[in-house]
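[1] Next one to model:
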Amino acid sequence: MSNPIISIILPTYNGSKYISTSIESCLGQSFSDFELIIVNDCSTDNTAAIAETYAAKDGRVKVIHNASNKKLPLSLNTGFDAAKGKYHTWTSDDNYYAPGALQELLSMLEADASVDFVYTDYVIINDANEITGKRTFGDINKNFTHFQGCSACFLYKAKVYDANKGYNPGAFLIEDYDFFVRAFLQFRVLYVNRYDLYYYREHAASLTSTQGDAVNDIAKIMLERQMGLLEKKLPAQQLALVYRKFAVYHAVQRNNTGKYSLYLEKLWKVSAKQFFITIVYVPCLKTKHTVVLGLAGLMQLLKLLFKK
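    Down below sits the predicted model:
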């Protein structure tokens, strides 16, 4: 039997409420040459039984039961390490695909052999499957600093997973964003402004809803670790905005004048305009530290102006 074209990984933990809808949206695809690997991360409800029922009825469905609770990044790696498809994607147990999603994503990816990763926007739904909005991500190639998170509707070549060495267990809660940024830094990524392929459920129990502040903080930490590659990939105009973003972050949220000064120095080298905007803007954000931050900015300016 030949390998499937697409591998879909569905990690789940206590997902019995919605997982049937998610699985059926995969099995109901107009494109049928895929495998669905469900990774059950030690669920304590009847998720495992639901998954096994589908596996018994459809040979494309496989179920892996983790021996211990690994959490999402390692569960994804467990699934993808077993995957045999030429292209990879994953979905959540509370979201679902439109019937033609896989075919459309595959067509987008194969239309240009140089493209390695394709992603789209999606529709937002609530617990009652009612559409409550849309999520637009924008083109990361055109404006990295204003890129709005990571889409849940995507397809990429298996070599992307291999080059990234899987999902980072240290990036729990933002494993998808971390993976996507690392892919962007190494491969050609295509954005398609479409909402009709994927339904993303927002509800109180979702991880990103309950851990919002932590997610934002971890995202910045993980992104900063890629600064060397960002400096090679991004044009000066976009890089200046990245430096400004981290100068503000370290000054206002971390109260780290050392890192603030470091990014001011980097800013000065690529954009004097963004440098001056930053040293004026930052003290205004946090009046408690206005004097300290203002002096830090002024001292950095004097050092740069009189630097031999």
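
[2] show me the residues around the residue nearest to residue 233 when sequence neighbours are not counted that make contact.
    Take residue 233 and drop its neighbours on the chain: the residue closest to it by CB to CB, 6 or more residues apart in numbering is residue 185, 5.4 Å away. Where C-beta positions appear, they are placed from N, C-alpha and C, glycine not excepted. Residues in contact with residue 185 (CB atoms under 8 Å, 6 or more residues apart in numbering) are 226, 229, 230, 233.

[3] so how many other residues sit close to the third one?
    I take that to be residue 230. 19 (other CB atoms under 10 Å).

[4] what's the nearest residue to it if we skip its chain neighbours?
    Residue 230's closest residue in space is residue 242 (CB to CB, 6+ apart), at 6.1 Å.

[5] By neighbour count, which bits of the one helix or strand the one you found maps to are buried? Give me those.
    Using DSSP states H and E, the element containing residue 242 is helix 236-248. Of the residues in helix 236-248, 238, 239, 240, 241, 242, 243, 244, 245, 246, 247, 248 count as buried by neighbour count, 16 or more other CB atoms under 10 Å.

[6] how far away is the fifth one from residue 236?
    If I follow you right, that is residue 242. 11 Å (CB to CB, to the nearest Å).

[7] these two touch, right, residue 99 and residue 29?
    Yes. Contact criterion CB atoms under 8 Å: residue 99 and residue 29 qualify, at 6.3 Å.

[8] Which one of the two is surrounded by more residues?
    Set residue 99 next to residue 29 and count neighbours by other CB under 10 Å: residue 29 wins out with 19 against 12.

[9] so what's that one up against?
    97, 99, 100, 101, 102, 103.

[10] Now, those residues that are in strands?
    Among the contacts of residue 29, DSSP state E puts residue 97 in strands.

[11] List just the nearest of the contacts of residue 29 to residue 46.
    residue 97 (23.0 Å; CB to CB).

[12] List the residues that contact the closest one.
    If you count contacts by CB under 8 Å, 6+ apart, residue 97 has them with 25, 26, 29, 91, 153, 197, 198, 199.

[13] Look up the closest residue to the second one, ignoring the ones flanking it.
    Which is residue 26. Residue 26 sits nearest to residue 36 (CB to CB, 6+ apart), 5.0 Å away.

[14] Retrieve the pLDDT associated with residue 307.
    Listed pLDDT for residue 307 reads 65.

[15] quick one: buried residues of stretch 48-57?
    48, 50, 51, 54, 55.

[16] ugh, typo on my part, it should be stretch 221-235
    Neighbour counts over stretch 221-235 (16+ other CB under 10 Å) mark 222, 223, 224, 225, 230, 234 as buried.

[17] hmm, who's touching that stretch?
    144, 168, 171, 174, 177-178, 181-182, 184-185, 239, 242, 246.

[18] Of the residues you listed, which belong to strands?
    Among these, no member falls in strands (DSSP E).

[19] which residues sit against stretch 238-255?
    With CB under 8 Å, 6+ apart as the test, stretch 238-255 has contacts from 143-145, 217, 220, 224, 227, 230-231, 234, 256-257, 259-260, 263-264, 266-267, 270-271, 274, 277-278, 281-282, 285-286, 289, 293, 296.

[20] all helices for the stretch 51-200 of the chain, in order.
    71-82, 101-110, 158-164, 175-186 (DSSP state H, counting those that start in this stretch).

[21] Turn those helices into a markdown table, including distance to residue 117.
    Converted to a markdown table, the helices of the stretch 51-200 of the chain look like this (distance: least, CB to CB, whole Å):
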| stretch | distance to residue 117 |
| --- | --- |
| helix 71-82 | 14 |
| helix 101-110 | 8 |
| helix 158-164 | 6 |
| helix 175-186 | 5 |
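
[22] Export these as TSV, with columns for distance to residue 136 and mean pLDDT.
    Formatted as TSV, those follow (distance: least, CB to CB, whole Å; pLDDT from 0 to 100):
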stretch	distance to residue 136	mean pLDDT
helix 71-82	24	98
helix 101-110	17	98
helix 158-164	23	98
helix 175-186	16	95
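
[23] Thank you kindly, that will do.
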